[in-house]
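>>> Give me a 3D structure for the following:
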Amino acid sequence: MDDKITHEKQDLTHLIWAKYRRSSGTAGSFLKAYDELDGKKVYYKLSAFDRERGIYGHESVNEIIADRLLTLFDVAHVPYRLIRADVIIEGESYNTFVCASDDFKKPGEKKIAFDIFYEKNRKDKEKPIDFCDRMGWRKEIDEMLLIDYLILNRDRHGANIEVLKDPTTRKDRLAPLYDHGLSLLFTCISKRDVDAFDVMEDKRIQCFVGSSSAYDNLKLIKHNPANRKLTIKDREFLFFGLENVLPVYLQDAIWNMIITRWKVYEDLQNM
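Reported below is the predicted structural model:
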């Protein structure tokens, strides 16, 4: 587990950061960068940034929590690492936590955004979820809908799902799940924000394959994708090593969100 979080400060001041507007409509930008280490691409991203506040929020940490939740349920996903590092943005130096992941494509594979692939290959008025059924991807989609409900992922738009194309075998597959930063309590910056946050509110989300309701998307699940139950014992696994990264009150709220939503899903399955 220790290899998930590097607390010893690293020097990443050589990275060049590009801005991506948040598609959720909230203020601030995501900053992303990439590097090549030993011939392999490594992708980095930060939490929210603006010139007034600098780097703030905890989207990068959300990636680690989501990574561990996906691991608990044995769902194929992109592994993330959290690295404390010095970075330079617009000439200013910052010390912060950076989220890092490796290129998940196999040699020779090409990637294409799911929405583009769907538009090119769908039949008539075929819905995205029915298209996934026909392609043999329903298991992966059911897993995605469950996880996105548990963490309230607001940003599963058509380019946050990818299709990987193998030119040799000419087979297409869904990429492992990635990009879960805009989830959990990502809008909460202070304890007051956390106290006012309703973890069960069915906030409007983006989900290209489903609807704008994470709860309604649970009803689209064909087969129970959970290979285990979520219990209080899993809390330690999810937050291991984050004691000096996330305040306890935020850890409490995030766990309350995940476990309470899990119980709703369990009740729905029992019905």
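>>> and after the helix or strand of the chain at the bottom of the mean pLDDT ranking, which helix or strand comes next?
Lowest on mean pLDDT, DSSP states H and E among the helices and strands of the chain sits strand 18-21, with a mean of 67. Per DSSP states H and E, the first helix or strand lying C-terminal to strand 18-21 is strand 29-37.
>>> Show me the longest helix that occurs in this structure.
helix 248-270 (DSSP state H).
>>> That one - what's its average pLDDT?
For helix 248-270, mean pLDDT rounds to 96.
>>> same question, stretch 6-17
Averaged across stretch 6-17, pLDDT comes to 96.
>>> would you put the C-alpha positions of it in CSV?
Presented in CSV, the C-alpha positions along stretch 6-17 are these (Å, rounded to 0.1, in the frame of the first residue of the first chain):
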residue,chain,number,x,y,z
THR,A,6,5.0,9.3,-1.7
HIS,A,7,5.2,11.7,1.3
GLU,A,8,8.9,12.6,0.7
LYS,A,9,8.9,15.8,-1.4
GLN,A,10,9.8,15.2,-5.1
ASP,A,11,11.0,17.8,-7.6
LEU,A,12,8.5,18.1,-10.5
THR,A,13,9.3,21.7,-11.4
HIS,A,14,10.3,20.6,-14.9
LEU,A,15,6.7,19.7,-15.8
ILE,A,16,4.7,22.0,-18.1
TRP,A,17,1.1,22.3,-17.0
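>>> what comes up buried for that stretch?
Going by neighbour count (16 or more other Cβ atoms under 10 Å), the buried part of stretch 6-17 is 6, 12, 15, 17. In short, each C-beta sits where N, CA and C put it, glycine included.
>>> Hmm, residue 98 and residue 63 touching each other?
No: in this structure, residue 63 is not within contact of residue 98 by Cβ atoms under 8 Å, at 10.5 Å.
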